[in-house]
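Enquirer: here is the input, now give the coordinates:
(3 chains)
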Amino acid sequence: MTLIVKTLTAMEPETPGWRARLAAWTPFLVIAPSLIASFVYVFVFSGWTLYISLSDSSMLPSYRFVGIRPYIDLWSNLRWKIAYSNLFFFSGFYVVLAMLLGLALAIAIDQRVRGEAIWRTIFLYPLAVSFVVTGAVWRWIYSPDVGIEHFVRGFGWSDFTFRLTTDRNLAIYAIIATGVWQSSGFAMALFLAGLRSVDPDLVKAAQIDGASRFRIYAKIILPTIAPIFVAVAVVLLQFAIKTFDLVVALTNGGPGISTTFPANYVYDLMFQRGQINIGAAAAVMMLLALAVVLVPYSLWLVWRRRREGRAYG
Amino acid sequence: MGMKRAALAGLATCALIGSAMAEPKTNLLSQWSEGSDAAALAKLGQMFTAAGGKWQATSIAGHTANTLAKLRSDVIEGNAPPAVQLKGPEIAEWNATGKTANLDALAAKEGWDKVVAPELLPVMKPTGHWVAVPMNIHRINWIWGSTEAMKQAGIATLPKTWAEFNADCDKALAAHLICLAHFSQDWTDSTVFEDVVYGQDIDLFRKAFVEGDTNAMRSPEMVKAFTQFRLMVSKYMDPGIAGRDYDTTTGMIKNGKAVFFIMGDWQIGIFTAAGMKTPQDYVCAQSPTDWGKPGFILNSDSVVFFKQTDPDYIAGQTLLAHLIMSPKFQTVFNQTKGSIPARLDIDLSQGWNACQQQSQAALQASIKDGALVRSFAHNMTILQKYRGAAMEVITSFVSNPKMTPKEAADAMADAVDSQK
Amino acid sequence: MVDAAYEAEYLAAARTEARRYALGRIGVYAFLTVFAIIYLLPLFVVIANSFRQLPEITRNGLIAFPRSFSLEAWPRAWSHFCVGGACEGIHRNFYNSLLMTIPATIISSLLGALNGYVLSKWRFRGSEVLFVCMMLGVFMPGQIALMPWAFVLGHLHISNTLQGLVLIHCVQGLSFTTLFCRNYYISIPDDLVKAARIDGAGFWRIFYKIILPLSPPILIVTVIWQFTGIWNEYLFGVVFTDGAQQPITAALVALATSQMNAHAYDVTGAAVLIGAAPPLLIYFLGGKYFVRGLTQGAVK
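Expert: Below you'll find the predicted structure:
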């Protein structure tokens, strides 16, 4: 900043007063409101939640400190344990499947297919549809009464069953499948753009060397777009951890409590049950889960930036 | 109208000095966004407008959680709604926050204590002061039969005991029908289960579900109730219960695909809306009991009033409370909704469904016999946190065929204990 | 002689290669077609059902070739159908969503552009740290923020208004837009800015004359991202507004989770399409730029 001030004063030696100082401070002034808003949003809100999670809040927030008791209550609750394990199970399958499918679609489209824009639009459109609508419509499709089961039975296969959402062991797969339907287009779009950014000379050189198509992808193209993999994974993971609307619309946590997710649990306890402190404790656990994703990612980003810095510097 | 307005202005004055000139207005927050519920609520709005008030209603769709989330955020925003549809122990909990308005003056003037069903008084007056007004009395322990399906299965009357119920169900299965129509959600699973517990053992119901005694939840009697429930879930209901919706389930009775349905009496409103009549299309009776007397599991919808500063809203609260407690509203509203009036002094002989008349008779008989209980599944007894924990176990029991009755009883007791 | 043998061998190899190529092409198209059918199934179901008659839907199921036709569901969904206790259809909610989404999208995109500009071209000590802090906002789950927002809206006296929702979406969107814009502006050569500075251009001049003209690709991304995100958001809309102020998602949930009423699949289908139309339109129009800009902005 001092450098800028110097340059500016050098430029306009006749008016060094408040104008120059204002100019020097402009970037700060411009970013300050956003910074303050973001700071309040991220740190004050999380801090408040953390404090409430250690208080005796029940019907309304209260600030009487009771220590870690809400956390003990939380971890003795069966539904919360189901919710937390659902989160890991769902996140794993959802991220991996959405990425694999996205990659497969991107590679297929990358084979110079006809009507590329149409294919791309077909696979990308679910991203524009809200989770609420996605969940509601797929709920119909999964429903034994009016959906796929009804459809197949209409052809005369009268004992055909397709009951993802009505079986407590399978309902989570219905959520995974629907989530993948919604997000794989996003992965596809990023991978496709990544594939296009690979230096064609590299690929040509490999072709001349007689490398097979598979080998070219495995050894040359995919390693080049590794950063895209990480970015896609992080975006999908944060979607996974925030999963809420989709579950509400698709299974509403059922059958039984088998598809409860942490966000649904937090919402229920904080708002329906009047157990604000335990709900806040659950929210803090969600933040911890996010940190598990974010801390390694940030470290990786810093490491990569340093390395690039060295390479170009 | 002029007379009425003058009378109301008078009421408002006696409720709060300085509000005589106020123009009554209100905004009722509720979860009645559809069907016969919304129709019944609209009637209240018409009466409020006719009495010179400015009516606004906020109906939140979806789960009750959304309504409560809205209420909680409104209160935190310092913007508590003038009137909210709330139930059971929640009235006491909100009362304890000190944010509810006091209706004692109006109650004394209109003599509510004498006409309201006694079982409701402790709910509406958690600390001895009126903070809520009851709109209706729902009966939970009902069994509905599809006239057509019963004929097909050769069942003449609705079962009186659980043994008869099981025998009838076997007949229904023999006739290739679904015995018990059901859609599995935490509250529907709990509705059926509370009817089973009540029908087997009133004392167990009181200890476990009214007092929240976890030893009773762990007892052999509770295991017995879960055993009957398991039989019903695995044999007499069909495998499609999860993910089905209410409307489809009503259709199963309408089309004669299923024989019985266990559900509270709002079902009357839904049957009526679907164009069904009793006894041509459906029949009703109290859900089976093994002790052979009229029983009554009571659920009541009520409106709670939150303290306001705007005199218009305060006047609106007085007007709304007055209207809700009026015999006219209690009649119009409940005829639409399927429930019966919360006032015991209303004659149901004209214009009411036969099932509703049966409900009122059962209410009076069960008060006399001491068989009347409040509903656990519909949030009239234990705190929401205990109820929620117990309901989670009941609904997991339904979705998990591997869970034994003994495990379920223990799990329920543990879940409630862990909330203490 | 030698030549002929060589040629035959070459031809055979070419034939195998051509066959393999053809098989590969068939495989690629088959793969894409199968998944396209799965992806389009829900859209087909919703569109078809919005034009079918309800009794026919209930009889033949949702996934069936339409055997009846009716336009009735559309006007009903728009202006007559009873949702959430009022029988006005979803038109009011639709306008609410526009009134909320458009300002919130514009404000958060512009602020994001400015922030990105500062954080990439006017870096100062600690600006990287501030950037990381702002980025954390991307990951905040909405349920955590719900109760604190209630306090904030109450204190600002904008509870139960669309302005309140605009504020929430602006703040929550800042992290995304700043992240995208900053990552995009990083790739604009610093020399360009330095040269302008030497020519005497100040902060705002550089922004208008250099940065903004280069921004359309990334602004398209932030606008699409914000517009769809805000339009589709459900939780805050339900909790922070009442009946007449509620955005479209609240009405759609009310319709789709309807329990007691006979399921009006036809009206719900039409309402879902109306409710999904604006973001879909934006995707169809801007999808190409979105993909391009996203890789430039988000992945760096």
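
Enquirer: contacts and neighbour counts: CA atoms only from here.
Expert: Fine.

Enquirer: tell me the helix or strand right after the lowest-mean-pLDDT helix or strand in chain A.
Expert: Lowest mean confidence among the helices and strands of chain A (mean pLDDT, DSSP states H and E): helix A:2-11, at a mean of 41. As assigned by DSSP states H and E, the chain's next helix or strand after helix A:2-11 is helix A:18-39.

Enquirer: buried residues in that next one?
Expert: A:20, A:23-24, A:26-28, A:31, A:34-35, A:37-39 (16 or more other CA atoms under 10 Å in any protein chain shown).

Enquirer: chain A contacts on the stretch 101-250 of chain C?
Expert: Contact residues, the stretch 101-250 of chain C versus chain A (CA under 8 Å from any CA of the partner chain): C:111, C:114-115, C:118, C:122, C:124, C:130, C:133-134, C:136-137, C:139-145, C:148, C:171-172, C:174-175, C:200, C:202-203, C:228, C:232-235, C:249.

Enquirer: redo that, cut-off 7 Å
Expert: Within reach of chain A by CA under 7 Å from any CA of the partner chain, the stretch 101-250 of chain C has these residues: C:115, C:118, C:122, C:124, C:134, C:136-137, C:139, C:141, C:143-145, C:148, C:171, C:200, C:228, C:232.

Enquirer: would CSV of the buried residues of helix A:18-39 with distance to A:Glu116 and pLDDT be doable?
Expert: Below are the buried residues of helix A:18-39 laid out as CSV (distance: CA to CA, whole Å; pLDDT from 0 to 100):
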residue, distance to A:Glu116, pLDDT
A:Ala20, 53, 77
A:Ala23, 49, 78
A:Ala24, 49, 79
A:Thr26, 46, 86
A:Pro27, 43, 86
A:Phe28, 45, 86
A:Ile31, 41, 89
A:Ser34, 40, 91
A:Leu35, 41, 90
A:Ala37, 42, 92
A:Ser38, 40, 90
A:Phe39, 43, 90
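
Enquirer: what is the nearest of those to chain B?
Expert: A:Ala37 (18.9 Å; CA to the nearest CA).

Enquirer: now for B:Ile202, how many residues are close by?
Expert: Residues lying near B:Ile202 (other CA atoms under 10 Å in any protein chain shown) number 19.

Enquirer: show the backbone phi and psi for it.
Expert: Backbone geometry at B:Ile202, expressed as degrees, to the nearest 10, gives phi -60, psi -40.

Enquirer: just B:Phe296 next, same as before
Expert: Backbone torsions of B:Phe296, given as degrees, to the nearest 10, read phi -150, psi 120.

Enquirer: quick one: it and B:Asn141 touch, right?
Expert: Yes: at 6.5 Å, B:Phe296 counts as touching B:Asn141 under the criterion of CA atoms under 7 Å.

Enquirer: quick one, helices of the stretch 201-350 of chain B?
Expert: B:202-205, B:214-218, B:220-231, B:246-254, B:266-273, B:311-324, B:327-337 (DSSP state H, counting those that start in this stretch).

Enquirer: okay, those in a markdown table with mean pLDDT next?
Expert: Formatted as a markdown table, these follow (pLDDT from 0 to 100):
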| stretch | mean pLDDT |
| --- | --- |
| helix B:202-205 | 96 |
| helix B:214-218 | 94 |
| helix B:220-231 | 97 |
| helix B:246-254 | 90 |
| helix B:266-273 | 89 |
| helix B:311-324 | 94 |
| helix B:327-337 | 90 |
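
Enquirer: and the ones you listed, which is most packed in?
Expert: helix B:311-324 (a mean of 23; mean count of other CA atoms under 10 Å in any protein chain shown).

Enquirer: for that one, which outside residues touch it?
Expert: Contact partners of helix B:311-324, identified using CA atoms under 7 Å, 6 or more residues apart in numbering or on different chains, comprise B:8, B:12, B:19, B:22-26, B:48, B:53, B:82, B:133, B:135, B:305, B:308, B:329-330.

Enquirer: give me the secondary structure label for C:Thr222.
Expert: Using DSSP: H, G, I helix; E, B strand; the rest coil, the structure places C:Thr222 in helix.

Enquirer: now swap in B:Ala415 and tell me
Expert: helix.

Enquirer: tally of neighbours for it?
Expert: 25.

Enquirer: so it sits against B:Met391, correct?
Expert: No: at 9.6 Å, B:Ala415 and B:Met391 do not qualify as touching, with contact defined as CA under 7 Å.

Enquirer: next SSE downstream of the longest helix along chain C?
Expert: Ranked by residue count, the top helix of chain C under DSSP state H comes out as helix C:2-50. Per DSSP H and E, helix C:2-50 leads on to helix C:54-60 as the next helix or strand towards the C-terminus.

Enquirer: and that following helix, which residues are buried?
Expert: Across helix C:54-60, burial judged by 16+ other CA under 10 Å covers C:54, C:56-57, C:60.

Enquirer: quick one: it to chain centroid distance?
Expert: 33 Å (CA atoms, centre = their mean, to the nearest Å).

Enquirer: residues in contact with that helix?
Expert: The contact list for helix C:54-60 (CA under 7 Å, 6+ apart) reads C:68, C:264-266.

Enquirer: of the residues you listed, which is the nearest to A:Ala289?
Expert: Checking those against A:Ala289 by CA to CA gives C:Tyr265 as the nearest, at 38.6 Å.

Enquirer: B:Arg72: what's its closest spatial neighbour, skipping adjacent residues?
Expert: In this structure, B:Arg72 finds its nearest non-sequential neighbour in A:Phe271, 6.7 Å apart by CA to CA, 6 or more residues apart in numbering or on different chains.

Enquirer: ok, back up a step: what helices or strands is the longest helix of chain C leaning on?
Expert: With contacts taken as 3 or more CA pairs under 7 Å, 6 or more residues apart in numbering or on different chains; DSSP states H and E, helix C:2-50 sits against helix A:116-124, helix C:265-297.

Enquirer: averaged pLDDT, that helix. What do you get?
Expert: Averaging pLDDT along helix C:2-50 yields 85.

Enquirer: residue ranges for the helices of the stretch 201-313 of chain A, please.
Expert: Assigned by DSSP H, counting those that start in this stretch, the helices in the stretch 201-313 of chain A fall at A:213-215, A:222-224, A:226-241, A:245-250, A:262-267, A:276-312.

Enquirer: ditto for the stretch 1-150 of chain B
Expert: Secondary structure of the stretch 1-150 of chain B (DSSP H, counting those that start in this stretch): helices located at B:2-15, B:35-50, B:64-76, B:88-96, B:104-110, B:112-115, B:121-124, B:147-153.
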